[in-house]
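A.B. asks: Sequence plus the predicted model coming up.
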Amino acid sequence: MIAHPPGEEIQFDWLELPDPPEGWGVGGHAHLLVGALAHSGRWRAVLAESEDFPHLVQALDDVVRKLGGTARRWRFDRMATVCYPSSGQVTAAFAAVAKYYGVGVDICPPRRGNRKGVVEKANHSAAQRWWRTVPDGLTVVQAQSGVDKLSLRMDDRRRRIEGAVTTVGELAAAEPLLDIPVRPFPAELEVERTVSPQSLVAFDGNFYSVPPGLPGVTVKVLRRLGEDDLRIVTAGRAVVACHRRAPRGAGQTVRDDGHVIALERAVLSSFSDRAPCKNKVRKPPSAAALAEAERLREGPATGSSAERVVIDLTHYAAVADRLRSVPSPKQEESPQ
């Protein structure tokens with residue numbers, strides 16, 4: 001057993017979840033960052049698009065805010081975005097993150113998984129109690145709501161401390177956690193997106209406009225954590241749009257007025273009554289059609305067994321004359 005004083009340590013770990021819904025666009029695995037307080041066992045988790053450094057920082061910030069603060073030390077396994085796997089030395093980039101939040105960083109020794117057994121147990125709960133029941137049509141925002149509800153229910157687990165029965169939630173509420181900065185560490189997110197036929201780019205559950213003429217083009221969305229704006233740039237880093245970021249998962253469509261006007265002009269310019277109507281095209285008969293017409297004019301070939309059909313309407317005229325003299329039903333029923 002390893003002693004974990006209250007408020008001393010948070011254990012973090014990535015949980016890779018196979019076969020995510022196709023609409024998520026994250027490839028073969030979904031990425032869930034799980035953070036657990038080592039003393040009480042309270043855990044929270046955040047879905048991320050990938051496991052690179054900016055997404056790790058964003059997910060770390062979201063997790064500690066969901067926990068209500070941060071412990072004095074963070075523990076990780078030997079992930080390359082935190083340390084050099086061969087030596088376990090923390091990278092300069094992540095050292096700046098730890099300094100920003102005022103915490104220390106501990107790296108697990110090689111082959112010592114029991115050093116973060118609390119978060120490993122939380123991983124098991126998330127995988128077995130939540131991920132196995134996620135339906136295909138669920139969005140990322142809805143899935144995040146599901147894992148949040150599970151972690152809140154897990155706070156009701158019972159614990160026995162020195163003979164007294166308590167819960168995980170009560171233990172976590174008594175932990176002396178440190179305050180966290182108002183804004184997250186200013187790492188810059190960079191994700192690739194494809195422009196839709198409507199000149200829109202999807203990001204974090206919302207849609208942002210770009211100038212017309214870019215459907216199908218691959219662009220990059222840049223967002224610095226803590227800032228309220230985002231930029232959309234081309235592969236050559238040319239900025240094509242800058243928008244105010246909408247709340248994550250709000251389903252909003254954010255359009256720039258200039259983009260709307262330019263798109264309307266582009267659409268209207270493709271329609272004009274000056275162009276000739278394409279269905280009024282002269283199509284002279286082909287040689288085969290002329291040959292068939294000549295054959296019909298000449299009539300049946302000599303020696304043909306086909307007989308000429310003559311239609312005589314004399315019989316029909318006689319029947320019509322007879323019907324004119326036949327009394328109507330009303331005349332037959334009237335008395336003489």
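C.D. replies: Good, I have the coordinates.
A.B. asks: Show me the shaky parts of this protein.
C.D. replies: Low-confidence segments of the chain, defined by pLDDT under 70: 113-114, 272-278, 300-309, 326-336.
A.B. asks: secondary structure class for residue 183?
C.D. replies: Three states are possible here, and by DSSP: H, G, I helix; E, B strand; the rest coil the one that applies to residue 183 is coil.
A.B. asks: and it, what does it touch?
C.D. replies: Contacts here follow CB atoms under 8 Å, 6 or more residues apart in numbering; on that basis residue 183 touches 225, 226. Any C-beta I mention is one placed from the backbone N, CA and C, and that applies to glycine too.
A.B. asks: do the same with residue 45
C.D. replies: Under the criterion of CB under 8 Å, 6+ apart, the contact list for residue 45 reads 15, 32, 33, 34, 35, 63, 122, 126, 147, 151.
A.B. asks: Tell me the one of those residues nearest residue 81?
C.D. replies: residue 33 (10.9 Å; CB to CB).
A.B. asks: hang on, the closest one is in a strand, isn't it?
C.D. replies: Yes: using three-state DSSP, the secondary structure at residue 33 is a strand.
A.B. asks: does it really touch residue 11, like I thought?
C.D. replies: No: between residue 33 and residue 11 there is no contact, the gap being 11.4 Å when judged by CB atoms under 8 Å.
A.B. asks: Look at those two and report which has more neighbours.
C.D. replies: Taking other CB atoms under 10 Å, residue 33 and residue 11 do not tie; residue 11 has more neighbours (26 against 22).
A.B. asks: for the more buried one, phi and psi?
C.D. replies: For residue 11, the backbone dihedrals are phi -100, psi 130 (criterion: degrees, to the nearest 10).
A.B. asks: Quick check, it in contact with residue 119.
C.D. replies: Yes: proximity of residue 11 to residue 119 meets the contact threshold set by CB under 8 Å, at 3.9 Å.
A.B. asks: Now list whatever residues contact both of those two.
C.D. replies: With contacts taken as CB under 8 Å, 6+ apart, the residues that reach both residue 11 and residue 119 are 35, 36.
A.B. asks: State the three-state secondary structure for residue 220.
C.D. replies: Look at residue 220: counting by three-state DSSP, its state is strand.
A.B. asks: If it is in a bridge, with which residues?
C.D. replies: residue 192, residue 233 (DSSP bridges).
A.B. asks: Neighbours of it, how many?
C.D. replies: By the criterion of other CB under 10 Å, residue 220 has 16 neighbours.
A.B. asks: In contact with it: list those residues for me.
C.D. replies: If you count contacts by CB under 8 Å, 6+ apart, then residue 220 has 190, 191, 192, 193, 232, 233, 234, 235 around it.
A.B. asks: So it versus residue 210, what's the distance?
C.D. replies: 12 Å (CB to CB, to the nearest Å).
A.B. asks: residues shared between the contacts of these two?
C.D. replies: By CB under 8 Å, 6+ apart, residue 220 and residue 210 have these common neighbours: residue 232.
A.B. asks: Any chance you could list what contacts stretch 89-104?
C.D. replies: Taking contacts as CB under 8 Å, 6+ apart, the residues outside stretch 89-104 that touch it are 53, 57, 60, 64, 70-74, 81-84, 105, 107, 178, 180-181, 185, 187.
A.B. asks: Please indicate which of those are buried?
C.D. replies: Restricting the contacts of stretch 89-104 to buried positions leaves 53, 57, 60, 64, 70-71, 73-74, 81-83, 105, 107, 180, 185, 187, with burial counted as 16 or more other CB atoms under 10 Å.
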